[in-house]
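Q: Need the 3D shape of this:
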Amino acid sequence: MRTDFFINNRAKFAEKMEDYSTAIFFSGNAPRESADQQYPFSVDRNFFYLTGIDRENMVLKISKIAGKVTEALYIPEIDEYFEKWYGILMRKEEAMERSGIKLVGDRSSFMTGFAGHLSSSDRPDNVYIFSYITSVEEPYDNYRNLAHWLRNQYPTVNIKNSLDIMINLRSSKSEEEVEEIKKAIGYTKEALEFVMKNLKAGMFEYQVRANFEYQLMLRNSKASFPTIGASGENAVILHYVDLQRKMADGDLILLDLGATSNNYASDITRTYPVSGKFTQRQKDIYNVVLEAQNVAIDKIHVGASEIEVNNAVKEYFAKQLKVLKIIKDTSEVDKYYYHGIGHPLGLDVHDLRRRDKTMQENNVYTVEPGLYIKEEGIGIRIEDDIWVTKKGNINLSQDIIKTVNDIENFMA
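A: Numbers count the residues shown, from 1 in each chain. Model prediction:
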């Protein structure tokens, strides 16, 4: 991605900051898994959005004092011993070139320098940190540690959340961002086609996942979230990730999965017959879900709410579930369709979402209706990634086949 993209993102952020404010963004650190092992590092998405850098233990500082905006990046010092064990650290010149930030300092000097900034004549009245989803027992991250330190050392400084600014910026996707999502979708398509050609009774669900993720690795990509591969009765569990069941003839497998490109994610769901052929009952239910997706996409437009789109799907399902003799009363729909219609997509699979859950120009949204009929051991969901524009909706994943005939012909 172009350096100008990240420079412009920072400029837009600074424009929305209050004057006499400083914003801090951390790239993050890989958490410990066990003993001396750590989980794979995953960069803080806001840090990446503003710098284009995907490295651990870095800090971005943006200040706006008397209308003047300054930027600084703090990166780990070069450590030759570390590099012998773990790899080459980013040099300051590389960080400057990648991010477009001219002032790059040592990570170890950040807190001392920041304290001096807070005590100086051009001190900020406000400090922006990012706070979003967290649980009661979750350990402190860098942002909460900083907030705790600020409250103790500088209690008169106002702590502000940069969440609303980042929602505003990240929700509207540029063409460059959409291209990255399309690349991730392309990887997903190719990997799914490999899965379809190799799908057969007697396989375990985890083998299907292995086939998919192997194909991603061949393309220097990775899964954008834990792959869901739910066959038979497991498909009524929305986020089923155990993947231990052995599949049999007559089963369906629901695959909810995705890939990444430059940290931008795809999120696709397809449901396939393990044997390559749907039963008539499976076809009937599948086609209802497929048409429900069309209903949803037709309802989506700039300014539409997730709730009104979902209600249209539920209304359609109510009619069709009666035809299929699954329900008698409209109130029973929630027993067979028990999630929302979709979510924003971008750097996060569940990307930052507006408080009012409305769809704005250039948002990318997933559209993923499903039916989950526990008594028949059937779960079917179909999901595509839709770019919402003023000129209409663009299905970014339209090339991933999903009609009954196309699936059966491909798997033949």
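Q: Wait, residue 256 touches residue 380, no?
A: No - at 11.5 Å, residue 256 does not count as touching residue 380 under the criterion of CB atoms under 8 Å. Just so you know, the C-beta spots here come from the backbone N, C-alpha and C atoms, and that holds for glycine as well.
Q: Identify the residues contacting the nearest residue to residue 226 once chain neighbours are set aside.
A: Nearest non-adjacent residue to residue 226, counting by CB to CB, 6 or more residues apart in numbering: residue 241, 4.8 Å away. Counting by CB atoms under 8 Å, 6 or more residues apart in numbering, residue 241 makes contact with 226-228.
Q: Show residues contacting stretch 92-111.
A: Applying CB under 8 Å, 6+ apart, the contact partners of stretch 92-111 are 3-4, 6-7, 51-53, 57-61, 70-77, 113.
Q: List the buried residues in it.
A: 95, 98-101, 104-105, 107, 110 (16 or more other CB atoms under 10 Å).
Q: pLDDT wise, what is the spatially most central residue of the chain at?
A: Taking CA atoms, centre = their mean, the centroid of the chain lies closest to residue 349, which sits 1.4 Å from it. We have a pLDDT of 98 for residue 349.
Q: same thing with residue 277?
A: Predicted confidence (pLDDT) for residue 277: 98.
Q: okay but it is in contact with residue 408, surely?
A: Yes - contact criterion CB under 8 Å: residue 277 and residue 408 qualify, at 5.9 Å.
Q: re earlier: so who does the residue nearest to the centre of the chain touch?
A: Residues near residue 349 by CB under 8 Å, 6+ apart: 224-225, 258, 265, 267.
Q: again, only using 10 Å
A: Applying CB atoms under 10 Å, 6 or more residues apart in numbering, we find residue 349 in contact with 223-225, 258, 260, 265-267, 343, 366.
Q: Can you tell me which of the residues you listed has the most neighbours?
A: Tallying neighbours with other CB atoms under 10 Å puts residue 266 at the head of those, with 31 neighbours.
Q: Could you give the secondary structure assignment for the closest residue to that residue other than its chain neighbours?
A: Leaving out its chain neighbours, the residue that sits closest to residue 266 by CB to CB, 6+ apart is residue 184, at 3.8 Å. Under DSSP: H, G, I helix; E, B strand; the rest coil, residue 184 falls in the helix class.
Q: Quick check, pLDDT for residue 184.
A: Per-residue pLDDT puts residue 184 at 98.
Q: can you check residue 136 too?
A: pLDDT, residue 136: 88.
Q: Let's verify it: helix, strand, or coil?
A: Secondary structure assignment for residue 136 (three-state DSSP): coil.
Q: how close does it get to residue 151?
A: Distance of residue 136 to residue 151, given as CB to CB, to the nearest Å: 19 Å.
Q: okay, the two: which has more neighbours?
A: More crowded of residue 136 and residue 151, by other CB under 10 Å: residue 151, with 11 against 4.
Q: Tell me, how many residues neighbour the closest residue to residue 5 other than its chain neighbours?
A: Among residues not flanking residue 5 along the chain, residue 176 sits closest, at 5.7 Å (CB to CB, 6+ apart). Residue 176 has 13 neighbours, counted by other CB under 10 Å.
Q: List the contacts of residue 176.
A: Residue 176 neighbours (CB under 10 Å, 6+ apart): 1-2, 4-5, 262, 264.
Q: hang on, it in a strand?
A: No - counting by three-state DSSP, residue 176 falls outside a strand, being helix.
Q: Where does residue 271 fall, secondary structure wise?
A: In the assignment (DSSP states H and E), residue 271 maps to strand 268-273.
Q: Quick check: the residue lying farthest from the centre of the chain vs residue 66, distance?
A: Residue farthest from the centre of the chain, counting by CA atoms, centre = their mean, is residue 121 at 41.0 Å. Residue 121 is 11 Å from residue 66, where distance means CB to CB.
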